[in-house]
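**Student:** Everything below, folded, please.
(one chain, ligands or ions: 1)
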Amino acid sequence: MLLQQGHDVTVVDNLSKGHRQNVPAERLRVLDLADTQALASLLREKECDAVIHFAAFIAVGESMREPARYFRNNVCGSLSLLDAMVQANVKHLVFSSTAAVYGNPHTSPISEDFPIQAVNPYGESKVMVERLLGWFDQIHHLTSVPLRYFNASGCDPAGGLGEEHEPETHLIPLVLRAVKTGKPITVFGNDYPTPDGTCIRDYIHVNDLAQAHILALEYLINGGASESFNVGTGTGHSVLEIIRAAEEVTGKKVPYEVGPRREGDPPSLVASSKKLRERLGWAPQYPDLRTIVQHAWNFANRA
Ligand code: UFG
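**Tutor:** Now for the predicted structure:
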């Protein structure tokens with residue numbers, strides 16, 4: 001989308017989770033974020049105006065078992081990048097943050113001024129980086145936009161890019177896998193204080209998420225001050241609603257069974273996206289759940 005909208009782009013990835021084939025070969029540099037000097041050289045060589053930083057581990061459950069790995073990769077990696085940006089005099093950063101910075105909020109929808117109180121090392125690692133960003137702004141005048149993602153989902157309808165995690169833990173790809181394999185998915189708890197008893201999340205199409213990054217980038221380059229923004233549609237859907245949407249899209253039954261709650265799952269996480277809409281003029285192109293599931297289904301059935 002950056003290329004389509006006239007930006008020049010270099011992608012840095014250590015390919016520990018990323019997929020080489022998703023990026024034009026001439027734009028990819030295989031580098032680790034820990035390599036501050038190599039990053040600084042690259043930023044100088046390419047005369048970068050800004051960085052969008054997505055490189056982090058993302059599995060909440062894993063972060064509860066291996067906190068050191070999460071803090072090292074997510075916090076130390078970000079610090080190395082910030083250090084390199086200062087060395088190369090690059091002044092703007094868009095950062096992938098998360099709704100997990102809010103922990104278990106008691107009311108909904110969630111606005112950016114809700115208390116920050118992560119309840120797992122994954123969320124805490126993002127909180128720590130948001131705090132680093134505050135100091136780098138104050139001391140080095142490096143401005144940044146942390147985007148607090150709710151549930152990234154769907155697939156780029158044109159580019160054929162979608163979720164390819166190993167192992168997969170996210171609901172929509174797992175539901176679609178259950179349709180294909182016939183092996184039931186487990187619904188993690190149906191005794192939550194929600195209308196149908198299952199957890200509610202705000203599913204945001206990956207292209208709408210991507211567009212929020214481009215708006216944030218242009219805002220910073222045009223002199224905007226550091227600000228955090230939620231990225232969600234403002235509408236929540238329960239796990240059973242996702243299953244029903246998948247049945248409508250695929251025309252098949254989703255085999256499922258109800259299991260115990262998953263540790264650390266808040267009952268409901270729904271964004272207020274008012275600030276993003278008002279301040280950056282963002283409007284989601286694909287807010288409809290069926291479209292999100294349809295695009296994910298197209299990806300699951302790609303040739
Ligand atoms: N779920 C199931 N069964 C499954 C998988 C998920 O019932 O097999 C449920 C979960 O309990 C949850 C919902 O489906 O209620 C969504 O779960 P995901 O694992 O797809 O997503 P999460 O809401 O747990 O987490 C996502 C990101 C995190 C981020 C969080 C913030 O993966 O990185 O959103 O909202 F922190």
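
**Student:** Near the ligand, which residues of the stretch 1-150 of the chain are found?
**Tutor:** Residues of the stretch 1-150 of the chain found near the ligand (CB under 6 Å from any ligand atom) are 58, 60, 98, 99, 100, 150. (C-beta placed from N, C-alpha, C; glycine too.)

**Student:** and the second one, what is it in contact with?
**Tutor:** Put plainly, it is residue 60. By CB atoms under 8 Å, 6 or more residues apart in numbering, residue 60 lies in contact with 100, 120, 122, 123, 264.

**Student:** repeat that with 10 Å
**Tutor:** 70, 98, 100, 119-123, 169, 262-265 (CB atoms under 10 Å, 6 or more residues apart in numbering).

**Student:** Near the ligand, which residues of the stretch 151-300 of the chain are found?
**Tutor:** 151, 169-171, 174, 185-188, 199, 201, 239, 262, 265, 269.

**Student:** Quick one, which of these are buried?
**Tutor:** Neighbour counting over these (16 or more other CB atoms under 10 Å) leaves 151, 170, 171, 174, 185, 187, 188, 199, 201, 239, 265, 269 as the buried ones.

**Student:** Excluding sequence neighbours, find me the nearest residue to the third one.
**Tutor:** So the one you mean is residue 171. Excluding the flanking residues, the one nearest residue 171 by CB to CB, 6 or more residues apart in numbering is residue 242, at 5.7 Å.

**Student:** Correct me if wrong: that neighbour contacts residue 202.
**Tutor:** No. Using CB atoms under 10 Å, residue 242 is not in contact with residue 202; the gap is 12.0 Å.

**Student:** Mind listing the shared neighbours of the two?
**Tutor:** 151, 153.

**Student:** quick one: residue 234 from residue 270, how far?
**Tutor:** 7 Å (CB to CB, to the nearest Å).

**Student:** Please enumerate the shared neighbours of those two.
**Tutor:** 108, 109, 110, 150, 202.
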